[in-house]
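Novice: my questions are about this predicted structure, shown below with the sequence.
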Number of protein chains: 2
Amino acid sequence: MAGQEVANKRVVLKRYVTGFPGADDMEVVTGTARVAVPPGSTAMVLKNLYVSCDPYMRGRMTKHERPSYVPDFVVGEVLENFGVCKVIASGHQDFKVGDLVWGMTGWEEYTLIHNPESFFKINHPELPLSYYTGVLGMPGLTAWAGFFDVGKPKKGDNVFVSAASGAVGQLVGQFAKLTGCYVVGSAGSDEKVNLLKTKFGFDEAFNYKKEQDLDAALRRYFPEGIDIYFENVGGSTLEAVLPNMRIHGRIPTCGMISQYNLEEPEGVHNLFEIIAKRLRMEGFMVFDYYGQYHKFEQEMAGYLKAGKIAYVEDIAEGLEKAPEALIGLFTGRNVGKQLVAIARE
Amino acid sequence: MAGQEVANKRVVLKRYVTGFPGADDMEVVTGTARVAVPPGSTAMVLKNLYVSCDPYMRGRMTKHERPSYVPDFVVGEVLENFGVCKVIASGHQDFKVGDLVWGMTGWEEYTLIHNPESFFKINHPELPLSYYTGVLGMPGLTAWAGFFDVGKPKKGDNVFVSAASGAVGQLVGQFAKLTGCYVVGSAGSDEKVNLLKTKFGFDEAFNYKKEQDLDAALRRYFPEGIDIYFENVGGSTLEAVLPNMRIHGRIPTCGMISQYNLEEPEGVHNLFEIIAKRLRMEGFMVFDYYGQYHKFEQEMAGYLKAGKIAYVEDIAEGLEKAPEALIGLFTGRNVGKQLVAIARE
């Protein structure tokens, strides 16, 4: 079908968002795409199979005065995020038709990619391809880098993970167990709490919505304090965690999902704990670790095949469902890693 | 005079403090002290020459529900802090009468010390002894450890120091210049700002009380962003600094003096910057570095003798002045390192 024009369904941003986003801030439209690369270019055309829904996308739906760490989406243009794709046309010597890759693609059926170098080849197609939006992709590398490189865990450490059943949290908890740590996770429903304990092997887990006093809950689960808090949530959760940290504790700071939809983020009032406890709070970004991706992929594929890491995903079928799936991240509707299946081949 | 009983003037805590402390929360009283150690003990008796006034003491004037990193003062009992002292009686083999030492002592003329091991010998009595409450003592080691070990400076880094004319800040700025950094300091009076530029060699300095918009001031002084923010202040200063940090910036977190007298500390709302900029915010405590003290003392004595480090202190004469001197830290009355001279020999 090289060269032909095909229908191309796409999810575009309808307006910039302030406060809580809705599915109707996006729109599913149908245009066309050319399944060919311009003569002489090193571009490639991808057929998108799965795209990932990630909390960080919320930031891109707002127009920023100062440039953010990732570009804002553009009203009227297609959303983009990490996805699993098949190469269907290529002018690049490293990518040929039929290759399976993952990287930053459009929320649409077909995407013309001008920088194929930013994509990773998929070396373990014997595992579910959708895993490359999660456990074998960006969230997996995020959990691995944040826990091991930033968190510097030691056997016996006490680890707390918020948003623990999400794409990153479920992996952090399992890495902690593989390292010989005691790990407790928080999540927003009893179903998720159950998953943490029965499927992912957390030592303890609790539903934060049922805790009147998060500080008291943390004192109960961590009478000797927390060595590593893997921060996915921010705001009042961080405020409750800080007095429960142990001396020389570490806070790998991955996300602050509780804050993304607030007009004014919550203030954290007890940062003096950082001094009193000599804490290290350190932000990180997955793209600083891309150079280690294939090492990670190898290690993680090994864990998955050996049954040492369990993984749960929540798949929305079809681009029409993509806007709702994205919004569901912020209401906690998803159970496990949220993604969208666009095509199964 | 060994064994005799002598008059002993002392500064005691009159009541626990909430909010802004006053000199009348302390009281100067006169009791007696015995210039002798109990037979068979390894204690020593010190004649206190200089005692240091440090912002962290504010925390000790409040009764804490959970144990803090240092013990609360006790109502009716003598305050304590780092001081320079002469041994006048000793049962400890490592300390003999006439030795000059520094360490945690009482705000009084004579103090019986049960743990002489916690004291450091003074190896450079040819320098002003009062320096051992500052540039050669706890604040000096604090600045050195925080800037070099926590801040990990590189030549060419952009460095911002708050409370820059204080005991720690003035040294951090000079360490930054010795390392080849660009350094800007903030302080609370034009006199202090002038000192920063003319005496301590800061590249730029400003009076934060005259800046309507601290964020704008920081953008002006750091158009390319801040690599190291040496945090002495906290609260709204930290909030203004965070968006001005550069990617992979570091925040050695030493103190938060703007917050110590507030009933409710200010909230910091933009901690997401820690993720977006991949910042490392790390608290530290000087006592984790005591093992490196003599290395530091040697290095600093060399700088002082070579004229590479300038140092300004603000000396209150006599214990009667001690309560006001301590309170003055929180109104910014002191110019340079605040201490109290109890006796000159």
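Specialist: In hand now; what should we look at?

Novice: what helix or strand does A:I247 sit in?
Specialist: strand A:245-253 (DSSP states H and E).

Novice: an error on my part: the question was meant for A:G185.
Specialist: Counting by DSSP H and E, the element that carries A:G185 is strand A:182-187.

Novice: partners of that strand in the sheet?
Specialist: strand A:158-161 (parallel), strand A:204-207 (parallel) (DSSP bridges).

Novice: please identify the deepest-packed of those strands.
Specialist: Mean neighbours per residue, mean count of other Cβ atoms under 10 Å in any protein chain shown, is largest over the strands paired with strand A:182-187 for strand A:158-161, with a mean of 28. Any C-beta I mention is one placed from the backbone N, CA and C, and that applies to glycine too.

Novice: so A:M57 touches A:F82, yeah?
Specialist: No. A:M57 is beyond contact range of A:F82, at 9.9 Å (criterion: Cβ atoms under 8 Å).

Novice: settle it for me: which of these two has more neighbours?
Specialist: Set A:M57 next to A:F82 and count neighbours by other Cβ atoms under 10 Å in any protein chain shown: A:F82 wins out with 24 against 20.

Novice: what about the host helix or strand of the more buried one, distance to the chain center?
Specialist: A:F82 is part of strand A:80-90 when elements are defined by DSSP H and E. Remark: strand A:80-90 is offset 18 Å from the chain centroid, using Cα atoms, centre = their mean, to the nearest Å.

Novice: now the helices for the stretch 1-150 of chain A?
Specialist: For the stretch 1-150 of chain A, the helices defined by DSSP state H, counting those that start in this stretch occupy A:57-60, A:138-144.

Novice: hang on, the earlier thing: ok, the strand holding A:F82: who's next to it in the sheet?
Specialist: According to DSSP bridges, strand A:80-90 has these partners: strand A:44-52 (antiparallel), strand A:100-106 (antiparallel).

Novice: tell me who's in contact with the spatially closest residue to A:E231 that is not a sequence neighbour.
Specialist: Computed as Cβ to Cβ, 6 or more residues apart in numbering or on different chains, the closest residue to A:E231 that is not its neighbour in sequence is A:T253, at 4.5 Å. A:T253 makes contact with A:231, A:281-284, B:271, B:274-275 under the criterion Cβ atoms under 8 Å, 6 or more residues apart in numbering or on different chains.

Novice: go again using 7 Å as the cut-off
Specialist: A:T253 is in contact with A:231, A:281-283, B:274-275, counting by Cβ atoms under 7 Å, 6 or more residues apart in numbering or on different chains.

Novice: and those, which of them are in helices?
Specialist: Per DSSP state H, helices hold the following members of the contacts of A:T253: B:274-275.

Novice: the nearest residue to A:P38 once chain neighbours are set aside and A:F82, how far apart?
Specialist: Distances taken as Cβ to Cβ, 6+ apart place A:G91 nearest to A:P38, at 7.6 Å, with adjacent residues excluded. To A:F82, A:G91 is 23 Å away according to Cβ to Cβ, to the nearest Å.

Novice: what's the answer for A:G249, then?
Specialist: Taking Cβ to Cβ, one finds A:G249 at 31 Å from A:F82.

Novice: ok, now A:V97?
Specialist: Distance, A:V97 to A:F82, using Cβ to Cβ: 22 Å.

Novice: cool, and A:T179?
Specialist: Computed as Cβ to Cβ, the A:T179 to A:F82 distance reads 26 Å.

Novice: what does A:N270 give?
Specialist: In this view, A:N270 and A:F82 are 35 Å apart by Cβ to Cβ.

Novice: what's the answer for A:C53, then?
Specialist: A:C53 is 10 Å from A:F82, by Cβ to Cβ.

Novice: phi, psi of A:K63?
Specialist: Note on A:K63: backbone dihedrals following degrees, to the nearest 10 are phi -80, psi 120.

Novice: repeat for the one 5 residues further on
Specialist: Main-chain torsions, A:S68, degrees, to the nearest 10: phi -90, psi -180.

Novice: and the closest residue in space to A:T30 that isn't next to it in sequence, how many neighbours?
Specialist: Of all residues not flanking A:T30 in the chain, A:K9 sits nearest, at 5.1 Å (Cβ to Cβ, 6+ apart). A:K9 has 18 neighbouring residues, counting by other Cβ under 10 Å.

Novice: and the residue nearest to A:P38, how many neighbours does it have?
Specialist: Count around A:G91 with other Cβ under 10 Å applied: 16.

Novice: A:D190 too?
Specialist: 13.

Novice: now do A:I228
Specialist: For A:I228, the number of neighbouring residues by other Cβ under 10 Å comes to 28.

Novice: quickly list what it is bridged to.
Specialist: Here A:I228, judged by DSSP bridges, has bridge partners A:V159, A:R250.

Novice: please list all residues in contact with it.
Specialist: A:151, A:153, A:157, A:159, A:249-250.

Novice: dump those into a markdown table; add distance to A:G106 and pLDDT as well.
Specialist: As requested, those are exported to a markdown table (distance: Cβ to Cβ, whole Å; pLDDT from 0 to 100):
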| residue | distance to A:G106 | pLDDT |
| --- | --- | --- |
| A:G151 | 33 | 98 |
| A:P153 | 37 | 98 |
| A:D157 | 41 | 98 |
| A:V159 | 37 | 98 |
| A:G249 | 41 | 98 |
| A:R250 | 37 | 98 |
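
Novice: quick one: which of those is nearest B:A33?
Specialist: A:G249 (41.6 Å; Cβ to Cβ).

Novice: scan chain A for its longest helix.
Specialist: Chain A, longest helix under DSSP H: helix A:293-305.

Novice: and that one, what does it pack onto?
Specialist: helix A:138-144 (3 or more Cβ pairs under 7 Å, 6 or more residues apart in numbering or on different chains; DSSP states H and E).

Novice: what's the closest non-adjacent residue to the single nearest residue of the stretch 201-345 of chain A relative to chain B?
Specialist: Residue of the stretch 201-345 of chain A nearest chain B, by Cβ to the nearest Cβ: A:G267 (1.5 Å). Spatial nearest neighbour of A:G267, chain neighbours left out: B:G267 (1.5 Å); criterion: Cβ to Cβ, 6+ apart.

Novice: do the same with A:V101
Specialist: A:F119 (4.3 Å).
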